[in-house]
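Asker: pasting the structure only:
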């Protein structure tokens, strides 16, 4: 099971990294989100993979490690804040620069509907 | 404990001039002189009050982990330099009073001067190498301020910058050298380092140490080829030149070589480098001093030459040479400081420093002429003055030198040549300034300066004569102690005298003086000869070098930082892969000693979904909507994964965050192009796939390696202390709101800041809103579907109730402020979506920013409250009480903290989404299209 877990984390990371290397803002933000999922899974597993061991005192014999969980919980919320900030920044850069290229230099008019507007 | 008072006094003196200037210029000068005068008195008092053989030391701990101590020492060497620094410093203060004009800010000048004095005192008294280096850099900075004192002049600014660059770069080399010494000896304590000669010289790092330390010393003491800053530093006011460039700052490098002499010297490497550099500098400086036409330029090159003389004596390194070096340090300070001050008077009185325009001053300024001539004779090394004695000793050592085997004659040859040239330029200096018939009228009629301005020169010249005539009288005890320190204890016999009988050195001296006179007579021919060479101005070479360096850096920066985010991302990822790979390669084997758990079909299915979702998100990224749907699959399965592996809190959080994220990204996608154009070529895609695969592989290996190894977690503590210490059964929540509450406070602050930043970013954002979807279909004109409206409105109270419940039970069951906040936010967003922003805003007519801020404030306040009860920040307290219907409630102060989290999450999330949603209201295309 551990091997499969690790492979999954690895593949999610790889997909996220590939997307962050793209040249347009939206795929990069999607990639960052994917990467943060992978990172959360990775950090979460630092306490080991425990079945039926929620860290509620008095309910179990063998508790899962609560510390990575607490860290990942805040990481999820912070990850959301970061995704939100990045995507709004992308919108702003498109609004101000007229392009959604990550380098902010190229203007694109590839959307035919936009020409009419 | 009183030793630190000496640098402290001069440091306090920095602030005196600013206060005393109100009393007038004379009062200011007198008040400034008080601190160094007391310091000088202290030095003498300390020194006379104890036996010369022992070293006075005192030290205070400063940064013990770095080996930095506030350690001071007073020994013979420090004493010699302290007398020069404080004594000549006092004379300079007096001289400056009359030198500076009304327009110059005297208080500023004195403040800089005292700062410089403090740093010099610090250098010579430091008993810790790092402390010494700190003061060393301080001299660079304060001399920069002094040289550029007339900052309206370009030459002053450029000269100051050059001095700063060269000595500063040397200072960095010195720091590296010091750190290597620290590495070899394990301490920065000077007293210990001085006893580690064998350890240091045996170390393989020794050559690096010598080269780096000497780089520091040579740049500071203007040794060839780093001498070029000194002539340009002559743009400074003359008191600065007289102080810094004769007696103190340029001697700091010499001092460093003397200080570290017991630890570093005595090897072939040291002897060759130091002796040769010194000799070359001696001849080079003297030759250019002979050719210069600027009075201060002559003195500057003469200083370079004399510093070379002292350096070469340090290279020869036997005890007699050291005595000669120390003696010459005193002599040079005496005659050169007085010559600089005399040059300042001439400049002051005639308005020019160009020897081609000067002449015949002996009629108008007889006393100054006499004083200058005596100092010049001393500089030339003519008996019976002090300069002669030390030069005679130098010749003796040069003739006796056994260095360089068959080429040993090179040392006396260069020494003699230097001596000859110094006779010639001394003659020229005196003759051209005072005795030759003037070629043109000087700009103003010169006369004798006020007596107090001349007094420092008189005093120094009298000292020159006394030392020359009775060399044994004043300096022997001081020199003896100084030599004892530099020779690490063993005391050589020495005898200073004017007359040693007829010996080779005397003959060499006589030949040199005769040769110098001849050369002076040939001066015009020498100048003509020199004119054949293209003049090289060090300033241009230096500036060109600096510009080339800047250009090189610019090109390098341009290559690395070309403005492409894609490039940065690539570099970042590539370096990360490399770093991870290096770490992984260090492992013995990938699989640890822990056995794996058996795989069950549900986990396998989940993994398959995750892998599929992840890969499809990447592969289909050009179709943004589909890619986003795939991403949501990943998010949902991640939350199930958390649930599967015993993390209910995480599962709940991930689920609600997933909803919010997807709504956010969908909304954003509405304003962005729906498709990504095909841009990357095949090579780029291959490159990125390789990087991504490498990264993923490294993360997977790392993850597997960790999962199959035993872990020693600190979580035991949290699980044990959760109920008795935090009053909650849900350990994760107790960690969040209690054990690691400070972290959580930081996180919600970041969340609120992100919300505020987004609020600002959305301000006045104008974006194109497509009227149709990707395939050209119009949006549905049913903007608020009735079913959704009814459901969302019905769900709202229920959702609020659930979130309240989850919030309350959070301390003991899965739940808590984060999750409750997210659930509330989702319920409200659903309302926004179903009824439209306008409808919702009419009913919820309040801003969300204050809510988020109030949340952070509430959490902080809870933390602060524990201060009121005398506990550390964020200490929590709790008590149980019973509520009818709901049951046993535990009211912990952590609950209020959690309430703050709740408010911050609700506020920030809605601030982000509601503001983004508002963008759609203004020009919603459906309004125009029926």
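Answerer: Thanks, I have it. What you see is a predicted model; the values in this text were computed from it and never measured.
Asker: Distance from stretch A:64-80 to the middle of the chain?
Answerer: 14 Å (CA atoms, centre = their mean, to the nearest Å).
Asker: for stretch B:753-768, same thing?
Answerer: Counting by CA atoms, centre = their mean, stretch B:753-768 comes out at 38 Å from the chain centroid.
Asker: can you pull the buried residues of it?
Answerer: By neighbour count on 16 or more other CB atoms under 10 Å in any protein chain shown, the buried set for stretch B:753-768 is B:754-759, B:761-762, B:765, B:767-768. Any C-beta I mention is one placed from the backbone N, CA and C, and that applies to glycine too.
Asker: Name the nearest of these relative to chain A.
Answerer: Nearest to chain A out of the buried residues of stretch B:753-768 is residue B:754 (CB to the nearest CB; 3.8 Å).
Asker: What separation is there between the nearest residue to the closest one once chain neighbours are set aside and residue B:918?
Answerer: Nearest non-adjacent residue to residue B:754, counting by CB to CB, 6 or more residues apart in numbering or on different chains: residue A:81, 3.8 Å away. Noted for residue A:81: a distance of 19 Å to residue B:918, by CB to CB, to the nearest Å.
Asker: ok, now residue B:734?
Answerer: 38 Å.
Asker: what does residue B:779 give?
Answerer: For residue B:779, the distance to residue B:918 - CB to CB - is 18 Å.
Asker: same thing with residue B:321?
Answerer: Counting by CB to CB - residue B:321 and residue B:918 are separated by 85 Å.
Asker: So for the two, which sits in the more crowded spot?
Answerer: The neighbour count for residue B:321 versus residue B:918, taken as other CB atoms under 10 Å in any protein chain shown, is higher for residue B:321 (22 against 14).
Asker: What are the boundaries of the helices in the stretch 301-450 of chain B?
Answerer: B:319-350, B:361-364, B:366-380, B:386-400, B:410-430 (DSSP state H, counting those that start in this stretch).
Asker: Residue B:478: which of the ones you listed is closest?
Answerer: helix B:319-350 (8.2 Å; CB to CB).
Asker: how far off helix B:386-400 does the closest one point, in degrees?
Answerer: The directions of helix B:319-350 and helix B:386-400 differ by 140 degrees, with axes from the mean of the first three to the mean of the last three CA atoms, to 10 degrees as the criterion.
Asker: Run through the neighbouring helices and strands of helix B:319-350.
Answerer: helix B:76-99, helix B:238-242, helix B:249-259, helix B:295-316, helix B:366-380, helix B:386-400, helix B:451-469, helix B:472-486 (3 or more CB pairs under 8 Å, 6 or more residues apart in numbering or on different chains; DSSP states H and E).
Asker: can you list the ones you listed in CSV and add mean pLDDT, mean neighbour count and distance to chain A?
Answerer: Output for these, formatted as CSV (pLDDT from 0 to 100; neighbours: other CB atoms under 10 Å in any protein chain shown; distance: least, CB to the nearest CB, whole Å):
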stretch, mean pLDDT, mean neighbour count, distance to chain A
helix B:76-99, 91, 24, 55
helix B:238-242, 90, 28, 51
helix B:249-259, 92, 26, 50
helix B:295-316, 92, 27, 53
helix B:366-380, 90, 23, 65
helix B:386-400, 87, 25, 66
helix B:451-469, 88, 19, 65
helix B:472-486, 73, 19, 58
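Asker: Of those, give the one that comes closest to residue B:816.
Answerer: Per CB to CB, nearest to residue B:816 of the helices and strands packed on helix B:319-350: helix B:249-259, 62.8 Å.
Asker: Quick test: name the residue nearest the centre of the chain.
Answerer: By default, I'm working from chain A. residue A:33 (2.0 Å; CA atoms, centre = their mean).
Asker: Actually, chain B is the one I wanted.
Answerer: Nearest to the mean C-alpha position of chain B, by CA atoms, centre = their mean, lies residue B:172 at 9.9 Å.
Asker: Give me the below-cutoff pLDDT ranges for the chain.
Answerer: Using chain A here. Residue ranges of chain A with pLDDT under 70: A:104-117.
Asker: um, chain B though
Answerer: In chain B, residues with pLDDT under 70: B:1, B:50-53, B:439-443, B:473-476, B:488-494, B:879-891, B:921-930.
Asker: Run through the residues that contact residue A:26.
Answerer: A:87, A:90, A:100, B:624, B:668-669, B:672-673, B:676 (CB atoms under 8 Å, 6 or more residues apart in numbering or on different chains).
Asker: Where neighbours are concerned, which of those residues has the most?
Answerer: Top of the contacts of residue A:26 by neighbour count (other CB under 10 Å): residue A:87, with 28 neighbours.
Asker: Could you list the buried residues of the top helix by length along chain A?
Answerer: In chain A, with assignment by DSSP state H, the single longest helix is helix A:66-97. For helix A:66-97, a neighbour-count test (16+ other CB under 10 Å) marks A:66-88, A:90-95 as buried.
Asker: ok, which stretches of chain A are helices?
Answerer: Counting by DSSP H, the helices of chain A are A:2-20, A:25-44, A:66-97, A:112-116.
Asker: possible to save those as CSV with distance to residue B:448?
Answerer: Formatted as CSV, the helices of chain A follow (distance: least, CB to CB, whole Å):
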stretch, distance to residue B:448
helix A:2-20, 79
helix A:25-44, 79
helix A:66-97, 73
helix A:112-116, 87
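Asker: Which of these sits closest to residue B:39?
Answerer: helix A:66-97 (56.8 Å).
Asker: and residue B:272, how many neighbours does it have?
Answerer: Neighbours around residue B:272, by other CB under 10 Å: 13.
Asker: the inter-axis angle of the helix or strand containing it versus helix B:386-400?
Answerer: For residue B:272, the element it lies in under DSSP states H and E is helix B:268-291. Between the axes of helix B:268-291 and helix B:386-400, defined by the same axes, to 10 degrees, the angle is 130 degrees.
Asker: So which bits of helix B:268-291 are buried?
Answerer: B:270-271, B:273-291.
Asker: No further questions, thank you.
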